[in-house]
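Colleague: Next come a sequence and a model predicted from it.
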Amino acid sequence: MADAQPKVFNRWLVVLGALVIQVSLGAVYIWSVFQTPLKALFPTWTETQVTLPAQLVLAAFAAAVIFGGRFQDRFGPRIIATIGGIVLGTGLILARFTGNFGPGMALIWLLITFSILGGLGIGMAYVCPIATCVKWFPDKRGLITGLAVAGFGAGAFFFAPLAKALVSGGSYQLLGANLFSLPRLGVFNTFMTLGIIFLVAVVLAAQLLRNPPPGYKPANWNPPQAAAGAAPKVDFAPGEMLKTGRFWLLWITYFAGCTAGLQVIMKASPVWQSCALGYCQAPVDAVTFSAIGAAGAMAVSILAIFNSLGRILWGKISDNLGRKPTLFVMFVICGVAMLLLNLLRAYPLYLVGISVVGLCFGGFLALYPAVTADFYGTKHYGVNYGWMFSAYGAGGIAGPFLAAWLMKKAGDVPYLMADGTSKSFAMGNYQTAFIVAGVMCLAAAVITLLVRPPRKA
């Protein structure tokens, strides 16, 4: 009777639920769309301050994956993902009231609601689809972890133009095509609208998540036999995993890849605006500034496409080529792209540069879940990958911080709003931050060659 249970519940329904959840959670990557409007509302905020919510939401996200993984191992993915969706939606709905405070308290309120509550909700919900899909698909581990997280990368594709249109009013655009008109809600009501959408979508999709029965394996598939003399496949408890030096080597490389990827993702729109406004005659009229902002939002959307595709593409490649060779190639490509990014100032070239980075970053998010399962087993997978994923949180702090800290201000460009008022945009040069992240990726490529699967006594 145990063998009949997985045939009753179609394992691809788990993938469907995972994709819906991850598309909703992936909207965390659209912060750069909010950055310029928030600086216009709070002109005393510095570049570092307006970057802080992006850093903290990623850090809270990564921290929540650790205890979210432990809870989903204990209580099941459906319950924990449902709670995550409620916490995420509540955080964004409460962020609606940021405008009720002065600049100092507004930043604190935004950090508590959008960053901490939002990040905790994302982390709790994020780990559930991955851990569940890994258990249902031992035969396609690289591909399926890529699919499970592909939606997370794709989320910004749909929600960046939605947020842009709701903040300033106008058409919802996908790849430059005007699909339908939306009212102008402003930044704070946009937070609330997105919060309601995410709460409903995540909670409903979470009901499709469930673990397979004990001893489950797909029909006509048997686990591969270990080569003669190779260490047998075993399950590591979290404490055992953390004592292996190989874990920390993997952690360092994951941190390097996330630092580069999140630096670009969280700054994609303002980086492009700095490039474009440098060629404009001041003051920039409202139509031109709006067009530059729309191009920045489209850059975020295109980046999201390649972020999502990279998770599927590199996951499939790693199933055939192997995890280590695939990681090595990805780190080399990402490192070179980061070193060249500041030279790609024409819009098409800029899109190529950030798309290459997004493609590799998506691959990191697909391969490290599979590597964690390959090295340390699936019995404690939820919490084990939570610890590995802490590298993402550290990279989420380091990447945007380096971009803000190492940015060299290139001047202030005045621009006109639609209502005729004048604002100022602080142009920045991010070359040093790009170089630091690129060198980190090239170093990580070398480290991947040194990592060997652990042996358990």
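Modeller: Yes, it's here.
Colleague: Would you tell me what the next helix or strand after the helix or strand encompassing Phe331 is?
Modeller: Phe331 belongs to helix 323-340 when assigned by DSSP states H and E. The helix or strand immediately downstream of helix 323-340 is helix 347-376, counting by DSSP H and E.
Colleague: relative to helix 323-340, how tilted is that following helix?
Modeller: On the basis of axes from the mean of the first three to the mean of the last three Cα atoms, to 10 degrees, helix 347-376 is oriented at 150 degrees to helix 323-340.
Colleague: what helices or strands is the top helix by length along the chain leaning on?
Modeller: Longest helix in the chain, counting residues (DSSP state H): helix 286-321. Counting by 3 or more Cβ pairs under 8 Å, 6 or more residues apart in numbering; DSSP states H and E, the packing neighbours recorded for helix 286-321 are helix 31-41, helix 141-168, strand 170-174, helix 245-265, helix 268-277, helix 323-340, helix 347-376, strand 408-416. The C-beta positions use only the backbone N, C-alpha and C, and glycine is treated the same way.
Colleague: Quick one: list the elements packing against the fifth one.
Modeller: Counting by 3+ Cβ pairs under 8 Å, 6+ apart, the packing neighbours recorded for helix 268-277 are helix 31-41, helix 286-321, helix 347-376, strand 408-416, strand 422-429.
Colleague: re the thing from before, quick one: which of the helices and strands packed on helix 286-321 is nearest Ala81?
Modeller: Among these, the nearest to Ala81 by Cβ to Cβ is helix 141-168 (12.4 Å).
Colleague: roughly how far out does the closest one sit from the chain middle?
Modeller: 9 Å (Cα atoms, centre = their mean, to the nearest Å).
Colleague: quick check: angle from that helix to helix 245-265?
Modeller: Using the same axes, to 10 degrees, helix 141-168 lies at 30 degrees relative to helix 245-265.
Colleague: By mean pLDDT, point me to the weakest helix or strand of the protein.
Modeller: helix 5-8 (a mean of 46; mean pLDDT, DSSP states H and E).
Colleague: in stretch 74-87, what counts as buried?
Modeller: Within stretch 74-87, the residues scored as buried using 16 or more other Cβ atoms under 10 Å are 77-78, 80-87.
Colleague: Turn those into CSV, including secondary structure.
Modeller: Listed next are the buried residues of stretch 74-87 as CSV, based on DSSP: H, G, I helix; E, B strand; the rest coil:
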residue, secondary structure
Pro77, helix
Arg78, helix
Ile80, helix
Ala81, helix
Thr82, helix
Ile83, helix
Gly84, helix
Gly85, helix
Ile86, helix
Val87, helix
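Colleague: Closest one of these to Leu450?
Modeller: Pro77 (34.2 Å).
Colleague: residues touching that closest one, list them.
Modeller: Contact analysis of Pro77 by Cβ atoms under 8 Å, 6 or more residues apart in numbering lists 128-129, 131-132, 206, 209-211.
Colleague: neighbours around Thr421, how many?
Modeller: For Thr421, the count of nearby residues is 9 (other Cβ atoms under 10 Å).
Colleague: And Ile116, by the same measure?
Modeller: For Ile116, using other Cβ under 10 Å, the count is 20.
Colleague: Over to Ala297?
Modeller: Residues near Ala297, counting by other Cβ under 10 Å: 25.
Colleague: you'd agree it is up against Ala268?
Modeller: No: in this structure Ala297 lies outside contact range of Ala268 using Cβ atoms under 8 Å: 9.2 Å.
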